[in-house]
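Visitor: Model the structure of this input:
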Amino acid sequence: MTDDKAPTRKGEAFNRLLTALAAIMPRRPERSEFVDSAELAIAHSSRLRLARYIDHPRGDAQASLPESRKRNAAKAVGRMISAGAFKEVIVPNGDHKNINLPESGMIAVSISLAELNVQYNRWVEGGKVGPKPSQEVIADNIRKQSLLWSLERSETQDLPILLRDIWIVHGSGSFDMLVLVMYRKSDDFMTYVRDVVQRTEGVLNTHTMQISTMLSEDQGPA
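Guide: Have a look, this model is predicted:
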């Protein structure tokens, strides 16, 4: 192989990895699961075959790369992670007996612009000391109070709530923030929403949703 062909082949390998990952998402596979996946094996074949697999997964569900190609794919994934193109993150498995937070809930949060404006004027009048009042500050306060609330209750029981993510949403007339939590009992979830999210300064109202299935945690087609 000449030097001028090496980058092209590397680029093709990275494109196949990204295409296969796009076919798997929003599931978040472990590295070994990704390398062993039918999606990666089929992506090495053709995009047309991958598109057919997405529509009818059972036909190629057992597809797998040869061991030599799996080793090459694992190395390529490692390079993508080292380059920062892929990320490996630690997330708790709520179904595991040591975690035992099998349920997921979403809270849509509306921010009071009037209250945020009052906080901003107070911040200006006080010489702009501390962080500027914003949705980001409200999100951070929810994060902090969520942890304190859970720690207080975990003295007598296992951690009842785990804040998984917060997204600030722009362009919606219905809500300004989405909060995703993992929990064990519905009562804990509803109490958390009432005692933490709804009482956070700047929050106007909330809409609570209990999620029956998270596709990101699904193991794929049966």
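
Visitor: Could you chop the chain up by domain?
Guide: 6-83, 103-212 (automatic domain parsing).

Visitor: Lowest average confidence across the ones you listed, which one?
Guide: Lowest mean pLDDT within the domains of the chain: domain 6-83, a mean of 84.

Visitor: From the chain's centre, how far out is it? Work that out for me.
Guide: Taking Cα atoms, centre = their mean, to the nearest Å, one finds the center of domain 6-83 at 21 Å from the center of the full chain.

Visitor: what do you get for stretch 83-102?
Guide: 10 Å.

Visitor: please renumber so the chain begins at 44
Guide: Shifting the count to begin at 44 puts that one at stretch 126-145.

Visitor: which residues touch that stretch?
Guide: 57, 60, 64, 71, 74, 120, 123-124, 146-147, 201-202, 204-205, 207, 225-227, 260 (Cβ atoms under 8 Å, 6 or more residues apart in numbering). Where C-beta positions appear, they are placed from N, C-alpha and C, glycine not excepted.

Visitor: Could you rerun that using 6 Å?
Guide: Met123, Ile124, Leu205, Met225, Tyr226, Arg227 (Cβ atoms under 6 Å, 6 or more residues apart in numbering).

Visitor: what's around the closest residue to the third one other than its chain neighbours, how many residues?
Guide: Counting by Cβ to Cβ, 6 or more residues apart in numbering, the nearest residue to Leu205 once its immediate chain neighbours are dropped is Met225, at 4.4 Å. Around Met225 sit 24 other residues, with neighbours defined as other Cβ atoms under 10 Å.
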